[in-house]
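*Asks:* Dropping a prediction and its sequence here:
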Amino acid sequence: MVGPERPQFVLFGSSIVQFSYSAEGWGAILADIYSRKADIFLRGYAGWNSRRALTVLDRVFPKAAAVQPSLVIVYLGGNDSMCPHPSGLGPHVPLCEYIENMRKIAIHLKSLSEKTRIIFLSAPPVNEAKIREFTGNKFDKLGRTNESCQKYSEALVELCQEMDIKVVDLWAAFQARDDWLTACFTDGIHLSSEGSKIVVQGILTVLKEADWEPSLHWKSLPTEFSEDSPYDIVGPDGKTTVNVSETNFHWENEWE
C-alpha cells in the first residue's frame with residue numbers, strides 16, 4: 001500500500017472498462033481529474049459478461065479487506081445482450097438472468113461497507129454499420145444490436161431505481177448527441193474520446209448531485225499535500241511563493 005491513504009475508486013466490468021485508459025478514455029480522464037484526491041483502480045476484463053463477473057466478485061471485492069473502496073463504478077451488459085449461439089457457448093446472458101446477476105453484484109458491493117458508494121453504467125447504443133466494417137459478416141448472427149442494447153439498458157435502469165442505486169443511462173446520454181453514431185465509437189462498440197467524455201460527464205453529474213456524506217465529487221475532496229511551502233514557485237513580488245497544488249488549468253473549465 002502506497003501512502004498517504006486516499007479514497008479508492010474501482011472501475012469494474014468488461015472491455016468498456018478495460019480499454020478506458022486508451023484513446024483518451026473515461027478512466028484516464030477520471031484519473032487525471034482525481035489526481036492528488038483519489039486513487040483509481042482498474043478491474044476491466046474484455047469479453048466478460050455478468051455471469052463471469054459474478055465468479056470473481058469475492059476476489060475482486062473481498063469483504064474482509066482492511067480498506068474498502070469509496071466508490072465502485074460497474075459496467076456490464078453489452079456482452080450479455082449479444083445474440084445467443086446455438087451451442088450455448090458465448091457471452092449471451094438472458095435478460096432476466098442478467099438483471100438477477102446485477103442485483104447480486106449490487107448486494108455484494110453494498111455489503112462491503114456503509115461508505116462504499118455504487119454507480120452502474122447502462123449499455124450504450126452501438127453503430128451496427130461500423131461494427132460490420134471492422135468484423136465483416138463473421139459475427140452478424142452473434143453480434144449486438146441497438147434493439148437488444150436498449151432492452152438491457154432499460155432493464156438495468158429500472159433495477160437501479162428499485163434498489164436505490166445511482167445509474168448513468170448511457171443509452172439515453174449518447175443519443176442526446178446528434179452525431180453520436182459517427183463521433184462516439186472507435187469500432188462501433190468501444191468508445192472514442194468523445195464517447196468517453198459523455199461517460200465522464202454522466203459520472204460527475206451523479207457525484208455532484210448525490211447527497212452522499214462525504215461527497216465524492218472532485219471539488220469536494222481535499223488535495224493531498226496542498227499546504228503552502230517555501231519551495232513553491234516564487235511569486236512576482238519576489239518575497240512570497242505561489243501554491244499551485246490546486247491548479248488544473250488543462251481541464252478544470254471542462255469538468256466544472
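*Replies:* Cool, got the structure.

*Asks:* Run through the residues that contact the residue nearest the centre of the chain.
*Replies:* For the chain, residue 73 is the residue whose C-alpha lies nearest the centre (CA atoms, centre = their mean; 4.9 Å). Going by CB atoms under 8 Å, 6 or more residues apart in numbering, residue 73 touches 9-12, 118-121, 203. Just so you know, the C-beta spots here come from the backbone N, C-alpha and C atoms, and that holds for glycine as well.

*Asks:* So which residues of the stretch 51-200 of the chain form helices?
*Replies:* Secondary structure of the stretch 51-200 of the chain (DSSP state H, counting those that start in this stretch): helices located at 95-110, 128-135, 146-163, 170-175, 180-183, 193-209.

*Asks:* which of the residues in stretch 100-119 are buried?
*Replies:* By neighbour count with 16 or more other CB atoms under 10 Å, stretch 100-119 contains the buried residues 101-102, 105-106, 108-110, 112, 116-119.

*Asks:* now swap in stretch 175-192 and tell me
*Replies:* Judged by neighbour count using 16+ other CB under 10 Å, the buried positions of stretch 175-192 are 175, 180-181, 183-186, 188-192.

*Asks:* again, but for stretch 91-100
*Replies:* Across stretch 91-100, burial judged by 16+ other CB under 10 Å covers 91-93, 95, 98-99.

*Asks:* So which of those is the closest to residue 134?
*Replies:* Within these, the smallest distance to residue 134 is 17.2 Å, found for residue 91 (CB to CB).

*Asks:* what's the spacing between the closest one and residue 69?
*Replies:* According to CB to CB, to the nearest Å, residue 91 stands 26 Å off from residue 69.

*Asks:* what residue ranges in the stretch 151-256 of the chain score low on pLDDT?
*Replies:* For the stretch 151-256 of the chain, applying pLDDT under 70 flags the ranges 248-253, 256.

*Asks:* can you pull the contacts of the spatially closest residue to residue 206 that is not a sequence neighbour?
*Replies:* Closest residue to residue 206 apart from its sequence neighbours, by CB to CB, 6 or more residues apart in numbering: residue 166 at 4.8 Å. Applying CB under 8 Å, 6+ apart, one finds that residue 166 lies in contact with 117-120, 160, 206, 210.

*Asks:* now these in TSV, with distance to residue 17?
*Replies:* Listed next are the contacts of residue 166 as TSV, based on distance: CB to CB, whole Å:
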residue	distance to residue 17
117	17
118	14
119	12
120	12
160	18
206	17
210	21
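
*Asks:* quick one: which of those residues sit in strands?
*Replies:* Among these, the members falling in strands (DSSP state E) are 117-120.

*Asks:* out of these, who's nearest residue 51?
*Replies:* residue 120 (16.5 Å).

*Asks:* what about that closest one, distance to residue 105?
*Replies:* Computed as CB to CB, the residue 120 to residue 105 distance reads 9 Å.

*Asks:* mind listing what the closest residue to residue 245 other than its chain neighbours touches?
*Replies:* The shortest distance from residue 245 to any non-neighbouring residue, by CB to CB, 6+ apart, is to residue 226 (4.1 Å). Contacts were defined as CB under 8 Å, 6+ apart; by that measure residue 226 touches 36, 243, 245-246.

*Asks:* Report the two of those residues separated the most.
*Replies:* Looking at those by CB to CB, the two members farthest from one another are 36 and 243, with 12.7 Å of separation.

*Asks:* related to what we said a few turns ago, check the buried residues of stretch 100-119 and tell me the two furthest apart.
*Replies:* It's 101 and 117 that sit farthest apart of the buried residues of stretch 100-119, by CB to CB, at 20.4 Å.

*Asks:* mind checking how far the nearest residue to residue 134 once chain neighbours are set aside is from residue 56?
*Replies:* Distance criterion CB to CB, 6+ apart; nearest residue to residue 134, sequence neighbours excluded, is residue 187 at 4.5 Å. In this view, residue 187 and residue 56 are 26 Å apart by CB to CB.
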